[in-house]
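1. Structure of the sequence below:
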Amino acid sequence: MVETADIKLAPLKIGNIELESPVCLAPMFGYTDFAFRSLCEDHKCGLTFTESVSAELFLQKSARTFFLLESVKSEKPRAVQLLGSNPDYMAQAASGISALGLFDIIDINSGCPSRKISHKGGGAALMEKPEILKNIVRAVKNAVSTPITVKIRLGPSPGKKNILDLAQVIEEAGASAITIHARFASNKHSGPADWEALRKIKSEVSIPVIGNGGIRRAEDALRMFRETGVDGVMIGRASIGNPWIFADTHSLLNNKKSLFLSWDDREAIIFDHLARLIKLLKKDPRLGNGGDSPEKKASFIFRKHLIGYMACIKGGELITNNLRKMEDPESIQRAVSRIMAMNRLEIP
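-> Residues are numbered from 1 along each chain as shown. As a prediction, this is how the structure comes out:
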């Protein structure tokens, strides 16, 4: 277990927003809808991010884009991640999203390695165009009163490691914080994360730095704090099927024991997540009119989460190998209950 006595964290403050916990949920395409974000919030996640929202599609009033922005007003701070390469469009979209009154922070995507996105000049492509990135940050900052953050990587590739220059550009342009995925865009999510690079960048900028990459469990988050000195930690893929990783990390940061969840607890969380997803999809204007019902659509979307929930659980492969047969919430619930019952019997 990682010792916490030597980890002294100041409250993470982004602009005028002070977080209850310095551990955040990363924006993830296809995963961080409102159902999952709200579940992570209930498990002590300090800040959640939407999936990337295209500035241009928002301005075109795309139904899909507005569905991604589905949220509710609450005391928990939430951030929207904005994607694009045109400073004017980004500023206009930021202003429109800010007017919704649902989000406390606007994050600029400057790290997504998807070729589909970078081909249009957005995401990781902005790392090769510092001047455009600076103009975007300034334009968005001038358009809204909410704090602006930027999510970025170490550089386009190992031969183009320009994160320090980019971090300084982002700070000078007026961003309130920067999140750094400690890998290159060319590596996507593979290979070790370079935490030493996080430590160096943290020592060179004055705005808060949130570290991302290489965290698989709560103890890893504590190690990142200790070894890099970052102000916050962002967890992505490790939260899939494990939304309680935020509560576990929060417990360790407060010198308490690692979180223990019974099989009953796990089952309840899985069912709660599915119920939230069904409720969310009932608001999706694209469903109905003779197409898939919210329940059937939710069952399909939930399969990828279910793979995460079943990972490392004895008998979990009985579910993951038969996902296509689970076309309604009842079939999912029956299958999960059988697996949990099997594991309860294993307890001495």
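
2. any weak-confidence spans in this structure?
-> The model of the chain has pLDDT under 70 over residues 1-6, 75, 288-291, 346-348.

3. show me where it has strands.
-> Counting by DSSP state E, the chain has strands at residues 13-14, 17-18, 23-25, 48-54, 78-83, 105-110, 148-153, 177-181, 209-212, 232-235.

4. Can you convert those into JSON lines and add a column each for mean neighbour count and distance to residue 197?
-> From N, CA and C alone the C-beta is placed, and that goes for glycine too. Listed next are those as JSON lines, based on neighbours: other CB atoms under 10 Å; distance: least, CB to CB, whole Å:
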{"stretch": "strand 13-14", "mean neighbour count": "21", "distance to residue 197": "21"}
{"stretch": "strand 17-18", "mean neighbour count": "14", "distance to residue 197": "26"}
{"stretch": "strand 23-25", "mean neighbour count": "28", "distance to residue 197": "19"}
{"stretch": "strand 48-54", "mean neighbour count": "23", "distance to residue 197": "22"}
{"stretch": "strand 78-83", "mean neighbour count": "25", "distance to residue 197": "22"}
{"stretch": "strand 105-110", "mean neighbour count": "26", "distance to residue 197": "16"}
{"stretch": "strand 148-153", "mean neighbour count": "27", "distance to residue 197": "10"}
{"stretch": "strand 177-181", "mean neighbour count": "27", "distance to residue 197": "8"}
{"stretch": "strand 209-212", "mean neighbour count": "25", "distance to residue 197": "10"}
{"stretch": "strand 232-235", "mean neighbour count": "26", "distance to residue 197": "15"}
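
5. would you list the ones you listed in JSON lines and tack on distance to residue 93?
-> Output for these, formatted as JSON lines (distance: least, CB to CB, whole Å):
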{"stretch": "strand 13-14", "distance to residue 93": "20"}
{"stretch": "strand 17-18", "distance to residue 93": "20"}
{"stretch": "strand 23-25", "distance to residue 93": "22"}
{"stretch": "strand 48-54", "distance to residue 93": "8"}
{"stretch": "strand 78-83", "distance to residue 93": "6"}
{"stretch": "strand 105-110", "distance to residue 93": "9"}
{"stretch": "strand 148-153", "distance to residue 93": "13"}
{"stretch": "strand 177-181", "distance to residue 93": "20"}
{"stretch": "strand 209-212", "distance to residue 93": "23"}
{"stretch": "strand 232-235", "distance to residue 93": "23"}
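
6. quick one: the nearest residue to residue 165 once chain neighbours are set aside from residue 8, how far?
-> Here the nearest residue to residue 165 in space, its sequence neighbours aside, is residue 130; by CB to CB, 6 or more residues apart in numbering that works out to 6.7 Å. Using CB to CB, to the nearest Å, one gets 34 Å for the distance from residue 130 to residue 8.

7. More neighbours: these two, which one.
-> residue 130 (17 against 7; other CB atoms under 10 Å).

8. Pretty sure the residue nearest to residue 165 sits against residue 166.
-> Yes. Taking contacts as CB atoms under 8 Å, residue 130 lies within contact range of residue 166: 6.0 Å.

9. what separates the residue positioned nearest the centre of the chain from residue 45, distance-wise?
-> Centroid-nearest residue in the chain, with CA atoms, centre = their mean: residue 26, separated by 1.9 Å. In this view, residue 26 and residue 45 are 10 Å apart by CB to CB.

10. Who are the contact partners of residue 194?
-> 154, 182, 183 (CB atoms under 8 Å, 6 or more residues apart in numbering).

11. In those residues, which residue is surrounded by the most others?
-> Neighbour tally across the contacts of residue 194 (other CB under 10 Å): the maximum, 27 neighbours, falls on residue 154.

12. Surely residue 52 touches residue 82?
-> Yes. Counting by CB under 8 Å, residue 52 touches residue 82, with 7.5 Å between them.

13. Pull up the overlap in contacts between these two.
-> Joint contacts of residue 52 and residue 82 (CB under 8 Å, 6+ apart) are residue 109.

14. For residue 52, give its distance to residue 329.
-> Counting by CB to CB - residue 52 and residue 329 are separated by 28 Å.

15. Can you add distance to residue 62 and give the contacts of residue 194 back as CSV?
-> Formatted as CSV, these follow (distance: CB to CB, whole Å):
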residue, distance to residue 62
154, 32
182, 33
183, 30
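
16. Got the domain ranges for this structure?
-> If you go by automatic domain parsing, the domain ranges for the chain are 13-253, 263-346.
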